[in-house]
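Peer 1: I would like to see how this sequence folds:
(2 chains)
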There are 2 protein chains.
Amino acid sequence: MADLEQNYTKEHFLYKFLNPSSICVFGANNEFLSTMGAMQLRNIIFGGFPRDKIYPIHPRLDEIQGLKAYKEVRDVPEIPDLAFIILPPHIVPKVMEECGEKGIKRLIITSGGFKEIGEDGISLSNQIDAIATKYNMRFIGPNCLGVYNGWFEGIMDNSKFNTMWIYETPERGNISIIAQSGTVASHLFWYCNKIGVKISKSFSIGNENNIDTVECLEFLANDPETDVIGIYIEEVKRGQKFINLAKIISRTKPIVAIYAGGSQAAFRSIKGHTGSIAGDDKIYKTVFKETGIISTSSIKEFLYYLRAFSYGIIPKGKRLAIITDSGGCGAMMAKVAEQLNLEVPEFSEELKAKLLPYLPSVANIDNPLDLTFQFNQYNLYIKIPKTLINSGEVDGIIIYAVFGFEEVLDVVKKSGGKSYDEFDISNDVMKNVYLKPIQKLVHKKAIPVFYIGPQGYDNPWIREFINDNIPIFDLWDFPVKCFSILADYALYRQKVNNQVKNEDILDA
Amino acid sequence: MADLEQNYTKEHFLYKFLNPSSICVFGANNEFLSTMGAMQLRNIIFGGFPRDKIYPIHPRLDEIQGLKAYKEVRDVPEIPDLAFIILPPHIVPKVMEECGEKGIKRLIITSGGFKEIGEDGISLSNQIDAIATKYNMRFIGPNCLGVYNGWFEGIMDNSKFNTMWIYETPERGNISIIAQSGTVASHLFWYCNKIGVKISKSFSIGNENNIDTVECLEFLANDPETDVIGIYIEEVKRGQKFINLAKIISRTKPIVAIYAGGSQAAFRSIKGHTGSIAGDDKIYKTVFKETGIISTSSIKEFLYYLRAFSYGIIPKGKRLAIITDSGGCGAMMAKVAEQLNLEVPEFSEELKAKLLPYLPSVANIDNPLDLTFQFNQYNLYIKIPKTLINSGEVDGIIIYAVFGFEEVLDVVKKSGGKSYDEFDISNDVMKNVYLKPIQKLVHKKAIPVFYIGPQGYDNPWIREFINDNIPIFDLWDFPVKCFSILADYALYRQKVNNQVKNEDILDA
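Peer 2: All right, here's what the predicted structure looks like:
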């Protein structure tokens, strides 16, 4: 912990990688479709980086993407905080030397063609390591996409610092990602935006020659803009450091991990990818369990789990109430819940009596609770969850039957139905009437309420949930899994905190 | 088999449930938002049913949704092929009697409040059974949503017969669903449209008092518009019949099933849902294995598996080639593939030599194949898959790195990049150049090619795949699972067909 406490975020050396004041870019030009670097420069510019602080370096061009280009880095009128290099690998050492002479201390080396390609690349890899040591430089990569910082303070209100190739940028949030894969660090951004995975930082760290997962974790541990951490791992280079750090972090910031190694074909893929030698799956499983890391081999689970934690509501136990307007999905969720060792407890007679006024006559009062078609919206959104939350009988609630009323009304109007002026309220008003009041209680009591709406994430009513960080799902697979992950984490944290307390007592 | 052969589709009694020439509707009115039946009538009308053949029955209203209403069914000028009833349960027997007297032979009883509500409902349930017997009527339900027929021949080119409450209708296709849950039979339609699950028929069969899963299966077995069948099961009432039939069907038409019973909370939910008593999970697992039914407890897997079969390409083995522009997702897919007992074989030296001309210099030639950023589109879509298909070394191919070029070009243009007129081709042209040529080979050789595009299902380029029934995925979880399901099914079918052949030899 001592190490961590000294590294307040802004003093951590990685802070300037994410928040450089000036940047020089090697390997960008105006050929967007054939040069990766062109798109990467584009993303830096369009993310809101001050234009006069971006210095493209190019041997022939005088202007790149509207910016003055410099023949050599020595011509740049200041010492840039960061050098971004996307050049053929054999040129990289020369350029690194030039950066070193200029006095640049931080580099992102996107170029591939180092140890991941085998023997030919290894000497080149050693060479760049030596140059970094010589000039006391730190670098991310090689063979990476660099960094994404959703909280970058640039020239726009909503600036972002994005050195990746992918132009899509996610909403700002409290989830940060460290990935030995550029795809996991950036290609996911479209999906993130769809389901509401809101990103703080993302590191594509590539071969980790110089800066590794452990250092990124160290940074995120103290980053006030990060509450949840996702890691994609092909190999952990400093195992014990990683374990110690992850243990400390996961007490307060949940960590979700994908370990991609452990199989023969994955081994081949990884060797050619980052040059790492992946280890046995079982070892990693043990490490994850010991450190409280939630692991999965599914990319969608990875994102849904990160999202589940990002809402900041950790339940106190594993008792789940399921409310639907249809017995079918209730039965399916109940079954999966039991497979995941959750409880779907029968409601007490007292609770049933309290629920009775809010139910249509045909509903069976039981858990799962099937409201049938005849449910009342206000009861669905307010009365029933409130009664359940206050009952003390459940630790989490899943509500199916979230329908976008605007769409339904639109269909009715177009069908020649009578006027429904009284229902003609905006989603915004709906949100204030139906959703927000219950959210205060949800947070106060730490009882997560997950909603499911089958119209899907594009529906405007569903978007309101996503905009307001209220857990919403399109179908009913993930809500049960997510609640189970939250409940498991809650148990882990309780256990660990008790241990810590006991150790404190023994120490005293 | 004898039973089946006699029941050619049009002669099967269920045919007229899906294709009635005339229909009377009890319980519809103009109150779209408070009466389920109003919306159901709306869906029948807007699906393209001949308006003069819809007969709403209502004791007070003269006109419903622009249609002439009749006080009693005896006033209707013909004997309707089908009666649709959505009335309070205690009125249902009286209305059934009137239908019987009128000579109506087919009913859909949507009303709930029968045996699923316990003792009070049981006598009512027995009563409607008796009335049906008395008049020799068949009925679907009670406690259901009825039917959906995507191939209905109505007054529009793209008519549909939809008695469900959900107004969203899926694209026409070759997948049919039988569900003891209205949600599974209809709420999924939005998701179906998103990912391209194209529906032929859907049955919401409710309590199965009179018509059951087995009879629907019997119909679908011989339905030329159905190639794949999905079933949602809470309880199979005629077990042996079901097993015998499923065995025969699954030889030619794959069946994917969700069994929702088998847990305590699911049991409570199901009892209140369709009034069934669900059995042990293990029994069902054995039945599914014996009959070649693919089962899952995930609703998204259910839909993705149905979609995978709907393309009609069953691989010959379980060797998978994985092509990506990123090592990360390649490693993840390889790992999941091995967990699912698939093979991700190393390519032979000969094959590697053949692939070499189509790869950028930095790519490692191995399986998974990481093309890195510098791939050529034509090689990605045509040359590489063609070489792999013709190699005889793999049974299926997954291709990551499908990007919608229109969107990318748009970003480039807006970024002030130079003109890329040569790339400015429509998705339609792209489809004809990149996708269609390879599809012929895919079908001929029965080697499925699955594509993955991270921009998601809304992207216009991705929609081209969906419109053309080319397997496309938004992320890389489901493609490996789907290939594994296809490969397992292929093995099952080989085994069964060999058995059948051996029996033929013994018989001869």
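
Peer 1: Within range of chain B, give me the residues from the stretch 151-300 of chain A.
Peer 2: Residues of the stretch 151-300 of chain A lying close to chain B by C-beta under 8 Å from any C-beta of the partner chain are A:165, A:167-168, A:179-184, A:187-188, A:190-191, A:194, A:232, A:234, A:258, A:260-266, A:268-270, A:272-274, A:297-300. For every residue, glycine as well, the C-beta is placed using N, CA and C.

Peer 1: Could you rerun that using 7 Å?
Peer 2: Within the stretch 151-300 of chain A, the positions lying close to chain B (C-beta under 7 Å from any C-beta of the partner chain) are A:165, A:167, A:179, A:181-184, A:187-188, A:190-191, A:194, A:232, A:234, A:258, A:260, A:262-266, A:268-270, A:272-274, A:297-300.

Peer 1: same deal with the stretch 401-508 of chain A?
Peer 2: A:411-412, A:415-418, A:420, A:423, A:454-456, A:458, A:474-477.

Peer 1: now these: which count as buried?
Peer 2: Listed as buried from these are A:411, A:412, A:415, A:417, A:420, A:454, A:455, A:456, A:474, A:475, A:476, A:477; burial here means 16 or more other C-beta atoms under 10 Å in any protein chain shown.

Peer 1: List just the nearest of those to residue A:208.
Peer 2: For these, the residue nearest residue A:208 by C-beta to C-beta is residue A:477; the value is 34.1 Å.

Peer 1: how far away is that closest one from residue A:380?
Peer 2: When distance is defined by C-beta to C-beta, to the nearest Å, residue A:477 is 21 Å away from residue A:380.

Peer 1: same thing with residue A:62?
Peer 2: Using C-beta to C-beta, we find residue A:62 at a distance of 64 Å from residue A:380.

Peer 1: For chain B, what's the nearest residue on the stretch 351-500 of chain A?
Peer 2: The minimum distance from the stretch 351-500 of chain A to chain B, using C-beta to the nearest C-beta, falls at residue A:364 (3.5 Å).

Peer 1: Residue of the stretch 51-200 of chain A closest to chain B, please.
Peer 2: Closest point on the stretch 51-200 of chain A to chain B, by C-beta to the nearest C-beta, is residue A:181, at 2.4 Å.

Peer 1: Find the nearest non-adjacent residue to that residue, please.
Peer 2: residue B:328 (2.4 Å; C-beta to C-beta, 6 or more residues apart in numbering or on different chains).

Peer 1: Which pLDDT value goes with the closest residue to residue A:209 other than its chain neighbours?
Peer 2: In this structure, residue A:209 finds its nearest non-sequential neighbour in residue A:129, 5.6 Å apart by C-beta to C-beta, 6+ apart. Looking at residue A:129, its pLDDT is 98.

Peer 1: Could you grab the helix/strand/coil label for residue A:129?
Peer 2: Following DSSP: H, G, I helix; E, B strand; the rest coil, residue A:129 is assigned to helix.

Peer 1: For the stretch 201-350 of chain A, just list every one of the helices.
Peer 2: All helices of the stretch 201-350 of chain A, identified by DSSP state H, counting those that start in this stretch, fall at A:213-221, A:239-250, A:264-271, A:281-291, A:299-310, A:327-339, A:349-355.

Peer 1: what's next to the fifth one, contact-wise?
Peer 2: Contact partners of helix A:299-310, identified using C-beta atoms under 7 Å, 6 or more residues apart in numbering or on different chains, comprise A:173-175, A:188, A:191-192, A:195-198, A:227-228, A:230, A:254, A:256, A:258, A:294, A:296, A:471, A:478, A:481-482, A:485-486, B:332, B:475-477.

Peer 1: still on that earlier bit, looking only at neighbour counts, state which of residue A:62 and residue A:380 leads.
Peer 2: Shown here are residue A:62 and residue A:380; by other C-beta atoms under 10 Å in any protein chain shown, residue A:380 has more neighbours (21 against 9).

Peer 1: any chance you could read off phi and psi for the closest residue to the more buried one other than its chain neighbours?
Peer 2: Excluding its sequence neighbours, the residue lying closest to residue A:380 (C-beta to C-beta, 6+ apart) is residue A:401, at 6.3 Å. The phi/psi pair for residue A:401 (degrees, to the nearest 10) reads phi 100, psi 30.

Peer 1: Which one of the helices of the stretch 201-350 of chain A lies nearest to residue B:283?
Peer 2: In terms of C-beta to C-beta, the element of these nearest to residue B:283 is helix A:327-339, at 14.6 Å.

Peer 1: tilt between that closest one and helix B:299-310?
Peer 2: Calculated by axes from the mean of the first three to the mean of the last three C-alpha atoms, to 10 degrees, helix A:327-339 forms an angle of 110 degrees with helix B:299-310.

Peer 1: Excluding covalently adjacent residues, which one is nearest to residue A:351?
Peer 2: residue A:391 (4.8 Å).

Peer 1: what's near enough to touch residue A:39?
Peer 2: A:32, A:165, A:167.

Peer 1: Let me know whether the first one touches residue B:412 as I believe.
Peer 2: If I follow you right, that is residue A:32. Yes: using C-beta atoms under 7 Å, residue A:32 makes contact with residue B:412 at a distance of 4.3 Å.

Peer 1: Domain boundaries for chain A, per the record?
Peer 2: If you go by automatic domain parsing, the domain ranges for chain A are A:2-309, A:314-491.

Peer 1: which stretch among the ones you listed comes nearest residue B:106?
Peer 2: With C-beta to C-beta as the criterion, residue B:106 lies closest to domain A:314-491 of the domains of chain A, at 23.2 Å.

Peer 1: can you give me how far the closest one is from the chain middle?
Peer 2: Between the centre of domain A:314-491 and the centre of its chain there are 25 Å (C-alpha atoms, centre = their mean, to the nearest Å).

Peer 1: Can you pull up the most central residue in chain A?
Peer 2: residue A:175 (4.1 Å; C-alpha atoms, centre = their mean).

Peer 1: Got phi/psi on that one?
Peer 2: Main-chain dihedrals, residue A:175, degrees, to the nearest 10: phi -100, psi 130.

Peer 1: same question, the one 3 residues further on
Peer 2: Residue A:178 adopts backbone torsions of phi -120, psi 120, taken as degrees, to the nearest 10.

Peer 1: Lowest-scoring secondary structure element of chain A by mean pLDDT?
Peer 2: helix A:2-6 (a mean of 45; mean pLDDT, DSSP states H and E).

Peer 1: For chain A, which residues score under the pLDDT cut-off?
Peer 2: A:1-8, A:266-267, A:270-278, A:362-363, A:374, A:417-419, A:422-424, A:506-508 (pLDDT under 70).

Peer 1: give the contact list for the nearest residue in space to residue A:344 that is not next to it in sequence.
Peer 2: Excluding its sequence neighbours, the residue lying closest to residue A:344 (C-beta to C-beta, 6+ apart) is residue B:265, at 3.5 Å. Residue B:265 is in contact with A:334, A:337, A:338, A:344, A:367, A:368, counting by C-beta under 7 Å, 6+ apart.

Peer 1: rerun that using 10 Å as the cut-off
Peer 2: Counting by C-beta atoms under 10 Å, 6 or more residues apart in numbering or on different chains, residue B:265 makes contact with A:320, A:322, A:330-331, A:333-335, A:337-338, A:342-346, A:366-368.

Peer 1: Just the buried ones from these?
Peer 2: Buried among those (16+ other C-beta under 10 Å): A:320, A:322, A:330-331, A:333-335, A:337-338, A:342-345, A:366-368.
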